[in-house]
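**Q** need a 3D model of the following:
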Amino acid sequence: MLNNKAQQLVAIQLVLFAALGISLLVFPSEQSLPLRVFGLLIAALGGVVGLVAIQQHPGGPNVTPTPKDTSPLLQSGIYGQIRHPIYTGVILGGLGLAMFHGHIVPLLAAFVLVPFFTYKSLYEESLLKQAYPDYAAYMTRTGRFTPPLQQQQDTNSDNE
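**A** Below is the predicted model:
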C-alpha cells in the first residue's frame with residue numbers, strides 16, 4: 001500500500017491514463033468527420049504544449065508533485081504564463097483523443113482528468129510555496145492551466 005500522498009497521486013494518475021486508454025480501445029468509435037478533425041487538433045495542441053513544457057523544464061519534469069531540490073522556479077517561456085503546462089498538455093491530449101474517438105465513455109474518462117489534475121496541482125502548489133519564497137507572487141501572475149484571462153495592470157500607472 002502506498003503511504004506517501006505524492007506516490008498515491010502518481011498511482012491514481014496511472015490508473016486514470018489506463019482507464020482512458022482501455023476505453024479508447026474497447027468502445028467503438030462514433031464520431032463525424034468534423035468532430036474527429038477538431039478532436040485531433042485539440043490532441044495535437046495538447047501534445048505541443050506538453051512537449052514545449054518538457055523541453056523548457058531543466059533536467060526534465062518530475063512525475064511526482066514533490067519539487068526537485070535542484071530545480072529553480074521556472075518563470076519564463078511557457079511557465080511565464082502557465083504554472084502547470086504539462087498538466088495542460090495531458091488534459092488537452094486526453095480530451096482531444098476522446099473527442100476524436102467519439103464514444104461517451106472515453107470522453108467521461110478524459111473529463112475526470114480535469115478535477116484530478118486540479119487536485120494534484122493544488123497539492124503541488126502547497127509544496128512549491130514552501131520550497132520557493134517567490135511562488136505565491138508567481139501564482140498571481142500566471143494561470144494554473146491556461147494563461148491568465150487578463151494581464152496584471154502596472155500599479156505605478158495608477159499613481160501618475
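**Q** Gln56 versus the residue nearest to Thr88 when sequence neighbours are not counted, what's the distance?
**A** When the adjacent residues along the chain are set aside, Thr88 lies closest to Phe145, with 4.5 Å between them (Cβ to Cβ, 6 or more residues apart in numbering). Bear in mind the C-beta positions are built from the backbone N, C-alpha and C, glycine included. Phe145 sits 16 Å away from Gln56, going by Cβ to Cβ, to the nearest Å.
**Q** so between the two, which is more surrounded?
**A** Each of Phe145 and Gln56 has its neighbours counted (other Cβ atoms under 10 Å); Phe145 has more, 18 against 15.
**Q** residues contacting that one?
**A** The neighbours of Phe145, taking Cβ atoms under 8 Å, 6 or more residues apart in numbering as the test, are Ile82, His84, Tyr87, Thr88, Ile91, Phe117, Ser121.
**Q** just give me the closest of the residues you listed to Phe38.
**A** The shortest separation between Phe38 and any of the contacts of Phe145 is 15.8 Å, and it belongs to Ile91 (by Cβ to Cβ).
**Q** select the longest helix from the protein.
**A** If you go by DSSP state H, the chain has its longest helix at helix 33-56.
**Q** so which elements touch the helix or strand just after that one?
**A** Secondary structure here is assigned by DSSP states H and E; on that basis, the next helix or strand after helix 33-56 toward the C-terminus is helix 85-101. In this structure, helix 85-101 makes packing contacts with helix 5-26, helix 33-56, helix 104-111, helix 113-131, judged by 3 or more Cβ pairs under 8 Å, 6 or more residues apart in numbering; DSSP states H and E.
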